[in-house]
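1. Provided below are the primary sequence and the corresponding predicted coordinates.
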Amino acid sequence: MDQTLSPLLSRNVFRWDHSDAYLFDIDGTLLNTRDGVHYNAFRNAVTNIYGVDASIDGVPVHGNTDIGILRAASRAHLIEAELCPSIAALLNQLHAAGKLLGVASGNLESIGWAKLEKAGVRQYFGFGAFSDQRELREDVVRYGVAQARQRLGAQATVCVVGDTPADIRAARAAGVAVIAVATGIFPKTELEALSPELCVGCCTELFQTA
Ligand SMILES: [Mg+2]
């Protein structure tokens, strides 16, 4: 590739493929769910309690029980999980290069793994850090970094991949690099303002700059 054509390379920025381990956020980073419904009490409750962004659209509520509604909404939510652009190729390349891959997510562990399973990428991840035991994202990411270094050694370089300002702040708090991907609800400009090591519209751009 002609490097003069690549603004990311010409700035000699962070080499996204040079870390030893990667901690991926799930929602908005690895995958997205297609909802399109308004926030409401149910959705907020499900989000707060289960850590997933679910809706009850299409779920029969009359004659159903709350548990039945929750179960159906969760199932629909899982089925709608859709990988973000180039995630499959990215995971495949990093895995082939021998990188250690984990997830750091605000999801509850069982829900996070179920989503990745449904999206067909569960097999890439050797470990995960979730919100079951840690309420703050900073703590989730710190725990993920600690797990990576437990496996690879204290000097291992770890890179967070996330779609929100909270992911960037959590990576900073943990003292590791972060790649911001604008495939969630936050625009690239907003993520760039927080100075992540690298910021892309979607992971397809990584392959254009490597
Ligand atoms: Mg996210």
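-> Perfect, thanks for sending it. Residues are numbered from 1 along each chain as shown.
2. what is the burial count for Gly175?
-> Here the number of neighbours of Gly175 (other C-beta atoms under 10 Å) works out to 9. For the C-beta atoms, the positions are set from N, CA and C on the backbone; glycine is no exception.
3. excluding its backbone neighbours, what's nearest it?
-> Val145 (7.9 Å; C-beta to C-beta, 6 or more residues apart in numbering).
4. got it, and Gly112?
-> Leaving out its chain neighbours, the residue that sits closest to Gly112 by C-beta to C-beta, 6+ apart is Ser105, at 4.8 Å.
5. isn't Leu101 up against Asp20?
-> No - judged on C-beta atoms under 8 Å, Leu101 makes no contact with Asp20 at a distance of 10.7 Å.
6. for Cys159, helix, strand, or coil?
-> Cys159 falls in the strand class when you classify it by DSSP: H, G, I helix; E, B strand; the rest coil.
7. contact partners for it?
-> 16, 19, 21-23, 176-179, 197 (C-beta atoms under 8 Å, 6 or more residues apart in numbering).
8. tell me the helix or strand right after the helix or strand bottoming out on mean pLDDT in the chain.
-> Within the chain, confidence by mean pLDDT, DSSP states H and E is lowest for helix 7-10 among all helices and strands, at a mean of 47. The helix or strand immediately downstream of helix 7-10 is strand 21-24, counting by DSSP states H and E.
9. just checking, what packs against that following strand?
-> When contacts are defined as 3 or more C-beta pairs under 8 Å, 6 or more residues apart in numbering; DSSP states H and E, strand 21-24 packs onto strand 100-104, helix 137-152, strand 158-162.
10. what is the rounded mean pLDDT of the helix or strand following it?
-> Heading C-terminal from strand 21-24, the first helix or strand you meet, by DSSP H and E, is strand 31-32. The pLDDT scores in strand 31-32 average 90.
11. and if you look at stretch 80-100?
-> Averaged over stretch 80-100, pLDDT sits at 95.
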